[in-house]
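Asks: Curious how this folds, go ahead:
(chains A and B)
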There are 2 protein chains.
Amino acid sequence: MNNAKQYIENHKDRFLSELFTILKHPSISADTAFTQDVLDTAELIKKNLSDAGCDATEVFDTPGYPVVYGEKIIDPNLPTVLVYGHYDVQPADPIHLWNSPPFEPIILPTDTHPDGAIFARGASDDKGQMFMHIKAFEFMVQNESLPCNVKFMIEGEEEIGSPSLEWFVKEYKDKLKNDIILISDTGMISNSQPSITTGLRGLSYMEVTVTGPNRDLHSGLYGGAVANPINILSQLISKLQDENNKITIPGFYNNVEELSMEERAEMAKAPFSIDDYKNALEITDVHGEKGYSTNERNSIRPTLDVNGIWGGYTGEGAKTVIPSKAHAKISMRLVPGQNHEEISELFAQYIKKIAPQSVKVDVTSHHGGHPYVTPIDSIGYQAAKKAYQATFSTSPIPQRSGGSIPIVALFENELKSKSILMGFGLDSDAIHSPNEHFGVFNFLKGIETIPLFYKYYTELSL
Amino acid sequence: MNNAKQYIENHKDRFLSELFTILKHPSISADTAFTQDVLDTAELIKKNLSDAGCDATEVFDTPGYPVVYGEKIIDPNLPTVLVYGHYDVQPADPIHLWNSPPFEPIILPTDTHPDGAIFARGASDDKGQMFMHIKAFEFMVQNESLPCNVKFMIEGEEEIGSPSLEWFVKEYKDKLKNDIILISDTGMISNSQPSITTGLRGLSYMEVTVTGPNRDLHSGLYGGAVANPINILSQLISKLQDENNKITIPGFYNNVEELSMEERAEMAKAPFSIDDYKNALEITDVHGEKGYSTNERNSIRPTLDVNGIWGGYTGEGAKTVIPSKAHAKISMRLVPGQNHEEISELFAQYIKKIAPQSVKVDVTSHHGGHPYVTPIDSIGYQAAKKAYQATFSTSPIPQRSGGSIPIVALFENELKSKSILMGFGLDSDAIHSPNEHFGVFNFLKGIETIPLFYKYYTELSL
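Replies: Residues are numbered from 1 along each chain as shown, chains lettered A, B, ... in the order given. This is a model prediction of the structure:
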């Protein structure tokens, strides 16, 4: 047994107990009811960084929630790895669909994780994955094998689009100086087939409010004579996609980077069963843009989804009302070539253009992020590849992900560094859903693999 | 001053105080959280009937909420008036838009009611209007001027579609035997221009649930590759009406009774200002079926409105989720010729037909009712007309209403009686909306007018 494996074996109960303490804090950044919990979590992460061996740690104020920073500089001539993660989590709704309370972590076996998975909001996204880095760092410090400098930047607003991070990165550009950024906030194919995310989609997240009459009306007395905001909102949404599920916003596809048939053929080699996919989701049929496969639709193609809709009477029984307002949260995933500010603007223009005179439409932008691609011939990618080969005994597959980590493009612009996305989660982790979980195997395997990245990256850099 | 006016003047403070006691009970039939309040209200109405002079009163059990019954039979050879009303109310949501608590009645002046209006859920619909009948009856008993027999049938499920009333009416057909049914659950044009509702639209109230994946999904990892139930539901709703706002359900208009151009010209004579209408609702434009005026759209034409929609994340901020389910409550107002069961069936068939394979669609029917028309040459209508002429010093205008009182058609079928809709509310009463109110003038004028209906109806019958 190597040193890392031995250290993990000796300390894994403590690692899990420390992670549970972090998971117990409902650090929901989207809901101001949890402000104090988010702030408390920042302090807890600072303490964990300090305990793990950082020489300097600090909770930095920002215009929003704080960024927790820690560093250990052993030699200015050695390379510097900047670890990014986030300590905030998604809301837990709908809470009634959780089998255990979202903020009372518990380890239970699953089909995918016979050795147990940690069930809690944030277990995988991103507290569990972020904490692997702190524990891998602790091991290197204790084992006296830290080969380079390390900086940690753990933010508290990722789940609401990192509104303060751009400010923070610009303000502390010198302090954050690094050679490579390391992030675990993505997934891999399976526990026997690791993969590294080389592409991320961008995001444009909008909110639309349709206002009709100045008050709720009786649908008998007014029905048919005034615009119903819900009917109108439904029409607007239906006009955002055509019968081939192409997005109809003028200019939307203008700068989309189209992959060559060769690249698409290469992608199609990844193991995938459409039947397993449908069975896992209990759907009769998949659904998406004509001319693209399921794996293409959720990675290399831009998309549009309504994430939430509400208006009128939604309680038990029947109420014959025409509501004054109807609302929808609508997000678009973007691919390389698309600019999120531009797409948000095109969306707002189009919605206002197609809305009838009989209603007022307000469109606001929640947040956005640019798409990103990592070159697989970079030493960062190569170091990660060697680390996975050593611990999984097989080569990781480079993969485009459909998800978004908007700040990866920001880091490239401001810090001039590439990010390596060493994700140890699985698609089945149910992140953003009830019963989010993270395999104990994955958590420990991450702690084992990360120090090897440091080793190989430092060797390849020198 | 006549006897009725004098009696009202002497007792109006007590009348209002008794009504307030009734309005304080949140008898919301649509929400099971208020079950006990609904039951308590039934007992309170029974006591009021008894105190007003009924010889026999009873709270009758039904498969749902009870029906309160009371009667005073003075001579089997005289005609019998059956008064119908309801003691249940609409939900108060959205509660935050009320200027005063919905179940703490208060009298405040308004532009329309300088002498004050009673603000409370149910003030107009229907507790206030129903209570006018009890107080008018009390006057006739005290004044020893009751000219005929009276029966009261006050139900507790009108706002959820009267699911038990058909059973009740069939079960107690003999007890309910009557010559004419009197209902105050509608409105009139203004306090200086009374009107009598001669036509009502029918109703078909449906609920649609679209189910996609078996759990909420991350819109980055799955977006674009699986059907999003909200997008699909929006598409389904948008396909229910065409660009001319005609309803597209096959067969929907098949049996619609079309009015002649002469009848439409007659209708167009009613006082109406499109500018006042738009200003009152603060809308830039009206919206409805092409080829019909605003007053036609909300009375003689069938319509379709989404009364509520919900799905996905509806909290503060942004959550990138594809929900497993999306829901909508959709109701259709029907006109003479249309059968609500048939329309509900056509709706369900059409929705299922146009839904894509990639989702599951469930359609349920909340409740329905047939449309209804009262002939203006009937003695019931003539008696009401004379009563209004006496108290308002002007003739009432017969009007078609866009609203629905489904049970009026039921009464005609089962009890073989016509209903006279003597409504004293105004369109501006905000029934079914926040800040529902009922003018004190209207409440007292109703109590004054109703005894004259009894007098003229009895005279015309004999």
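
Asks: quick one, strands of the stretch 201-350 of chain A?
Replies: A:202-211, A:217-218, A:303-312, A:321-322, A:325-334 (DSSP state E, counting those that start in this stretch).

Asks: pLDDT value on A:M1, please?
Replies: Here the pLDDT value assigned to A:M1 is 52.

Asks: about what we covered before: of all the strands of the stretch 201-350 of chain A, which lies closest to chain B?
Replies: Of all the strands of the stretch 201-350 of chain A, strand A:303-312 sits nearest to chain B, with 3.1 Å by CB to the nearest CB. Just so you know, the C-beta spots here come from the backbone N, C-alpha and C atoms, and that holds for glycine as well.

Asks: That closest one near chain B anywhere?
Replies: Yes - looking at strand A:303-312 against chain B by CB under 8 Å from any CB of the partner chain, the contacts come from A:T303, A:L304, A:D305, A:V306, A:N307, A:G308, A:I309, A:W310, A:G311, A:G312.

Asks: rewinding a little: I'd like the strands of the stretch 201-350 of chain A written out as CSV, with mean pLDDT and mean neighbour count added.
Replies: Output for the strands of the stretch 201-350 of chain A, formatted as CSV (pLDDT from 0 to 100; neighbours: other CB atoms under 10 Å in any protein chain shown):
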stretch, mean pLDDT, mean neighbour count
strand A:202-211, 96, 24
strand A:217-218, 91, 24
strand A:303-312, 97, 26
strand A:321-322, 94, 30
strand A:325-334, 97, 25
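
Asks: would you turn those strands into TSV with distance to A:A265?
Replies: Shown next, in TSV, are the strands of the stretch 201-350 of chain A (distance: least, CB to CB, whole Å):
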stretch	distance to A:A265
strand A:202-211	25
strand A:217-218	57
strand A:303-312	22
strand A:321-322	53
strand A:325-334	23
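
Asks: Let me know which of those is the nearest to A:Y172.
Replies: With CB to CB as the criterion, A:Y172 lies closest to strand A:202-211 of the strands of the stretch 201-350 of chain A, at 24.1 Å.

Asks: The closest one pairs with which strands?
Replies: Using DSSP bridges, the strands paired with strand A:202-211 in its sheet are strand A:325-334 (antiparallel), strand A:360-369 (antiparallel).

Asks: Any chance you could give me the last one in CSV, C-alpha atoms only?
Replies: Spelled out, it's strand A:360-369. Output in CSV follows, covering the C-alpha atoms of strand A:360-369 (Å, rounded to 0.1, in the frame of the first residue of the first chain):
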residue,chain,number,x,y,z
LYS,A,360,-46.5,44.1,-20.5
VAL,A,361,-43.4,41.9,-20.5
ASP,A,362,-40.4,42.3,-18.2
VAL,A,363,-37.2,40.3,-18.9
THR,A,364,-34.3,40.3,-16.5
SER,A,365,-31.0,38.4,-16.6
HIS,A,366,-30.1,36.3,-13.5
HIS,A,367,-26.6,35.4,-14.5
GLY,A,368,-24.5,34.0,-17.3
GLY,A,369,-21.2,32.5,-18.2
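
Asks: Past that strand, which element shows up next along the chain?
Replies: Next helix or strand after strand A:360-369 toward the C-terminus (DSSP states H and E): strand A:372-373.

Asks: Distance from the very next helix or strand once past that next one to the middle of the chain?
Replies: Next in sequence after strand A:372-373, counting helices and strands by DSSP H and E, comes helix A:379-392. Remark: helix A:379-392 is offset 22 Å from the chain centroid, using CA atoms, centre = their mean, to the nearest Å.

Asks: Mind checking if the next helix-or-strand element following helix A:379-392 is in reach of chain B?
Replies: Sequence-wise, the next helix or strand downstream of helix A:379-392 (DSSP H and E) is strand A:397-400. No - judged by CB under 8 Å from any CB, strand A:397-400 and chain B are separated, with a smallest distance of 11.4 Å.

Asks: Is chain B within reach of the helix or strand following strand A:397-400?
Replies: Sequence-wise, the next helix or strand downstream of strand A:397-400 (DSSP H and E) is helix A:407-415. No - remark: helix A:407-415 sits outside contact range of chain B, by CB under 8 Å from any CB, the gap being at least 12.9 Å.

Asks: other SSEs contacting the helix or strand following helix A:407-415?
Replies: Per DSSP H and E, helix A:407-415 leads on to strand A:419-421 as the next helix or strand towards the C-terminus. Applying 3 or more CB pairs under 8 Å, 6 or more residues apart in numbering or on different chains; DSSP states H and E, one finds that strand A:419-421 contacts strand A:180-183, strand A:195-200, helix A:379-392, helix A:407-415.

Asks: which other residues reach the second one?
Replies: The one in question is strand A:195-200. For strand A:195-200, the surrounding residues in contact (CB atoms under 8 Å, 6 or more residues apart in numbering or on different chains) are A:186-189, A:299-300, A:336, A:371-376, A:381, A:384-385, A:388, A:396-401, A:403-405, A:408, A:420-423.

Asks: Find the least confident helix or strand in chain A, judged by mean pLDDT.
Replies: helix A:261-267 (a mean of 82; mean pLDDT, DSSP states H and E).

Asks: Please tell me how far it is from the chain's geometric centre.
Replies: With CA atoms, centre = their mean, you get 26 Å for helix A:261-267.

Asks: contacts for it?
Replies: The contact list for helix A:261-267 (CB under 8 Å, 6+ apart) reads A:L259, A:N295, A:E296, A:S299, A:I300, A:R400.

Asks: Can you report how many residues neighbour A:E171?
Replies: 14 (other CB atoms under 10 Å in any protein chain shown).

Asks: Tell me where the stretch 1-150 of chain A has helices.
Replies: Counting by DSSP state H, counting those that start in this stretch, the stretch 1-150 of chain A has helices at residues A:3-23, A:35-52, A:127-142.

Asks: Without its sequence neighbours, what residue ends up closest to A:A117?
Replies: A:H437 (4.1 Å; CB to CB, 6 or more residues apart in numbering or on different chains).

Asks: so who does that neighbour touch?
Replies: For A:H437, the contact set (CB under 8 Å, 6+ apart) comprises A:L108, A:T110, A:H113, A:A117, A:I118, A:F119, A:A120, A:A123, A:S124, A:D429, A:A430.

Asks: Residue of the stretch 1-150 of chain A nearest chain B, please.
Replies: For the stretch 1-150 of chain A and chain B, the shortest gap (CB to the nearest CB) falls at A:A30, measuring 3.3 Å.

Asks: mind giving me the domain split of chain A?
Replies: Here the domain parsing of chain A from automatic domain parsing is A:3-200+A:372-461, A:202-256+A:302-369.

Asks: TSV for those domains, including distance to B:K24?
Replies: Listed next are the domains of chain A as TSV, based on distance: least, CB to CB, whole Å:
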stretch	distance to B:K24
domain A:3-200+A:372-461	32
domain A:202-256+A:302-369	21
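
Asks: Any figure for the gap between the residue of the stretch 1-150 of chain A closest to chain B and A:S358?
Replies: Here the criterion is CB to CB, to the nearest Å. By it, A:A30 lies 33 Å from A:S358.

Asks: Can you tell me which of the contacts of A:H437 are buried?
Replies: Buried members of the contacts of A:H437, counted by 16 or more other CB atoms under 10 Å in any protein chain shown: A:H113, A:A117, A:I118, A:F119, A:A120, A:A123, A:S124, A:D429, A:A430.

Asks: who's in contact with A:D185?
Replies: Applying CB under 8 Å, 6+ apart, the residues near A:D185 are A:Y84, A:G85, A:H86, A:D125, A:D126, A:Q129, A:M130, A:E158, A:I405, A:L421, A:G423.
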